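Participant: Whatever this is, show me its structure:
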Amino acid sequence: MWHMKNRLSLLLVTLMFTVLPMTGQKTPVGEYSLKYGASCSEPRQDTDMQRFRHHRLGAFVHWGLYAIPGGTWEGKTYRGAAEWLKSWAKVSNEDWMKLMAQWNPERFDARAWARMLKASGARYVKITTKHHEGFCLWPSRLTPFTVEHTPHGRDVLGELVEAVNDEGMDVHFYFSVMDWSHPDYRSSLRTSQDSVAFARFLDFTEGQLRELATRYPTVKDFWFDGTWDASLRQNGWWTAKMEKMLKQLVPGVTVNSRLRADDRGSRHFDSNGRLMGDYESGYERRLPDPVKDLKVTQWDWEACMTLPENQWGYHRDWSLSYVKAPHEVVEHIVHAVSMGGNMVVNFGPQPDGDFRREEKDMVKALGNWMKRYGECVYGCGYAGLRKQDWGYYTAKDDTLYMVVFNRPYSGMLNVVMPKGQSPQMACLLDGTPLRIEETASGEYHVAMPRKDPGEPFVIRLKISRSGSTKRQYREALT
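Facilitator: Numbering: from 1, shown residues only. Coordinates of the predicted model:
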């Protein structure tokens, strides 16, 4: 009876992909008729979406069984991402899950984690509830592969949710649909047996998502991963159903574009070019070009960045890849904000539950910079001005910020304004005024501060739309 039910479900899914949408539904000329395309035609403007947008900076935490081997298996170190070690080393699921017997992070302290991540300047924390390996950081009732069945035994996710919320930050859940531990997962559906098995897997995954949404109702976002396989792209109906379900269970929750596929298998954006989900999450370890990719300023998006190149989970040996410097990470954050996006900086805790020294140093450096200059990040976005050689513009209401990373030898920062606009006043964030000069070509120069800040710094500009403001410049400086 159970198998018959799933065969009938599969038949209905097939019909969904072959039958045209209901009569009376009009499709613009030149567009595909879609049942499972984008749910919104414009960016969300509700309070929860505005909060997501205002935060701008988040922290990512990748933690799972992969932290225990830390990129090494049977004496061999793999240069690839540590959380993919099971795949790199071709480890069987049985052998991999034996790592659960070693899961006992005695130094794990959720409140210490929350305080540390808040100190970085992050306003929200994304936590890997379950990565591709299938090990769950919460006591799921749908699989034996959870923290509950380890020597540690504690609900790691629950403790983190409470601690992060107590620190005034939002919690976001990372969730991998792809699950190497589940016998019914299929990367492609080549036979009817594959389809029946995958239908069972989708039911299992829906159950886990329901668990997360109901067990931890303060979650603000679901960030999906592992959704690129053909099997899921052929089941766009299910991705649309999950987005709708989560938004019913957790009113106001945001969902990233990685979850979704439409009727034709398109991901992130449907076959008519409309964003699926609430924000684009296609930028991983890369950022949109500030000149060629200005289209991203039309919708919400979020990038995520590792510290060592391509290492999300804990890897024992950071010398195998390039490691970013603090000011480099700061520039990635500002780059994202200058184009209307969010940035999430990743950390990979050790198997004992502590963070490596390099990550703690990064937190301190980022936190110190954000304390001094976070005004140009929080609540800011695209200024409508092209990037300059000296750095980036960000904007908030009628205030423009110049975030300077490259100091010109001339000592003057070039400012190009749209016709009819001009800088009325320029100053450092502590109020120190800076000289403004108008050039013969109608552009403006802002003088560098007399004392070199010795780090990326921010200039606040007040903009006038009334033309010449030379008298106001003089009055400001005197």
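
Participant: alpha carbons only for contacts and neighbour counts from here, please
Facilitator: Will do.

Participant: And the helices in this protein?
Facilitator: 2-18, 47-55, 85-88, 93-97, 110-119, 156-166, 192-215, 230-233, 236-249, 326-338, 357-373, 470-477 (DSSP state H).

Participant: and stretch 280-296, C-alpha only, in PDB?
Facilitator: Extracted as PDB, the C-alpha positions of stretch 280-296 are listed here (Å, rounded to 0.1, in the frame of the first residue of the first chain):
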ATOM      1  CA  GLU A 280      19.900  35.400  -4.700                       C
ATOM      2  CA  SER A 281      22.500  33.200  -3.100                       C
ATOM      3  CA  GLY A 282      24.600  32.400  -6.100                       C
ATOM      4  CA  TYR A 283      27.700  34.200  -4.900                       C
ATOM      5  CA  GLU A 284      30.000  31.900  -3.100                       C
ATOM      6  CA  ARG A 285      33.700  32.800  -2.700                       C
ATOM      7  CA  ARG A 286      33.100  35.400  -5.400                       C
ATOM      8  CA  LEU A 287      31.400  38.800  -5.800                       C
ATOM      9  CA  PRO A 288      29.600  40.400  -8.700                       C
ATOM     10  CA  ASP A 289      31.700  42.700 -10.800                       C
ATOM     11  CA  PRO A 290      31.100  46.400  -9.700                       C
ATOM     12  CA  VAL A 291      31.000  47.500 -13.300                       C
ATOM     13  CA  LYS A 292      29.600  44.700 -15.400                       C
ATOM     14  CA  ASP A 293      27.100  43.200 -12.900                       C
ATOM     15  CA  LEU A 294      25.100  46.200 -11.800                       C
ATOM     16  CA  LYS A 295      21.900  44.200 -12.500                       C
ATOM     17  CA  VAL A 296      22.200  42.600  -9.000                       C
END
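
Participant: pLDDT averaged over that stretch, what's the number?
Facilitator: Throughout stretch 280-296, pLDDT has a mean value of 93.

Participant: What of stretch 351-358?
Facilitator: Per-residue scores along stretch 351-358 average to 98.

Participant: Between its first and last residues, what's the separation in that stretch?
Facilitator: With C-alpha to C-alpha, to the nearest Å applied, stretch 351-358 spans 16 Å between its terminal residues.

Participant: related to what we said a few turns ago, packed most tightly, which of the helices of the chain would that be?
Facilitator: Of all the helices of the chain, helix 326-338 carries the top mean neighbour count, a mean of 22, counting by mean count of other C-alpha atoms under 10 Å.

Participant: Let me know the angle separating that helix from helix 47-55.
Facilitator: 140 degrees (axes from the mean of the first three to the mean of the last three C-alpha atoms, to 10 degrees).

Participant: for residue 60, what are its contacts?
Facilitator: Shown in contact with residue 60 (C-alpha atoms under 8 Å, 6 or more residues apart in numbering): 125-127, 304, 344-347.

Participant: correct me, but residue 37 touches residue 270?
Facilitator: Yes. Assessed by C-alpha atoms under 8 Å, residue 37 is found in contact with residue 270 at 5.3 Å.

Participant: of these two, who's got more company?
Facilitator: residue 37 (29 against 21; other C-alpha atoms under 10 Å).

Participant: who are the neighbours in contact with the more buried one?
Facilitator: By C-alpha under 8 Å, 6+ apart, the contact set of residue 37 is 240, 261-263, 270-271, 274, 276.

Participant: Swap in 10 Å and give it another go.
Facilitator: By C-alpha atoms under 10 Å, 6 or more residues apart in numbering, the residues touching residue 37 are 236-237, 240, 260-277.

Participant: likewise residue 36?
Facilitator: Contacts of residue 36 (C-alpha under 10 Å, 6+ apart): 16-17, 21, 235-241, 260-265, 270, 276.

Participant: distance of it from residue 219?
Facilitator: The value you get for residue 36 to residue 219, if C-alpha to C-alpha is used, is 25 Å.

Participant: Point out where the chain drops to low pLDDT.
Facilitator: 1-30, 466-478 (pLDDT under 70).

Participant: Please parse it into its domains.
Facilitator: 45-376, 391-477 (automatic domain parsing).

Participant: Out of those domains, which one sits most buried?
Facilitator: domain 45-376 (a mean of 19).

Participant: and that domain, how far out from the chain's middle?
Facilitator: From the chain centre to the centre of domain 45-376 is a distance of 8 Å (C-alpha atoms, centre = their mean, to the nearest Å).

Participant: pretty sure residue 259 is touching residue 282, no?
Facilitator: No. Taking contacts as C-alpha atoms under 10 Å, residue 259 lies outside contact range of residue 282: 11.2 Å.

Participant: Brilliant, that's me finished.
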